[in-house]
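Participant: Need coordinates for the following:
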Amino acid sequence: MASERLKRYFDFSSVDKNRICGHCKLCDQKYKDKNGIFSNFLKHLKRKHLSQYELHFLKQDEGFSEKGSIASNDQSTTESSTNTYKQYRINKAIGKYLIIKCNLPLSLVENNAFRDFMKECNIKWNPTSAKYLKR
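Facilitator: Coordinates of the predicted model:
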């Protein structure tokens, strides 16, 4: 799925049996990664071509609405946009993995010990409510 969207920005070629090389069409740089892994290519788009990354990768996630603004040079974004997206991803992971897959109670997110733990993991994390995760 990601590989199909990445072909818009990279020309891929095989380096050896378990490595792939991607040549960025936007800035003419080359990146390598393992076959089937595309994290280096996604990181490059996110760092160097943020507007394209947001257009084709972030908007695919349901429920995310960007609150920041993109600078005209496509290389910087407001900190609130990045933090908003990180908050969304953390809360989505809590709901998906802890509440649904581990079958933990929804009230877990309102427990003070859990909130203290999350603050230790990510200082900028804002506590969410059980009501928000229910939606």
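
Participant: what's Leu26 sitting at in phi/psi?
Facilitator: phi -80, psi -40 (degrees, to the nearest 10).

Participant: Can you get me a residue count around it?
Facilitator: 14 (other Cβ atoms under 10 Å). Just so you know, the C-beta spots here come from the backbone N, C-alpha and C atoms, and that holds for glycine as well.

Participant: Also Gly36?
Facilitator: 8.

Participant: now the helices: where do they sit in the protein?
Facilitator: Along the chain, the stretches classed as helices by DSSP state H are 2-6, 39-48, 50-53, 79-93, 112-121, 130-134.

Participant: can you put these in TSV and add mean neighbour count?
Facilitator: Output for the helices of the chain, formatted as TSV (neighbours: other Cβ atoms under 10 Å):
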stretch	mean neighbour count
helix 2-6	14
helix 39-48	16
helix 50-53	18
helix 79-93	15
helix 112-121	12
helix 130-134	12
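
Participant: looking at those, which is closest to Val15?
Facilitator: Val15 lies closest, by Cβ to Cβ, to one member of the helices of the chain: helix 39-48, at 12.5 Å.

Participant: so what does that closest one touch, helix or strand wise?
Facilitator: Applying 3 or more Cβ pairs under 8 Å, 6 or more residues apart in numbering; DSSP states H and E, we find helix 39-48 packed against helix 2-6, strand 19-24, strand 30-34, helix 50-53.
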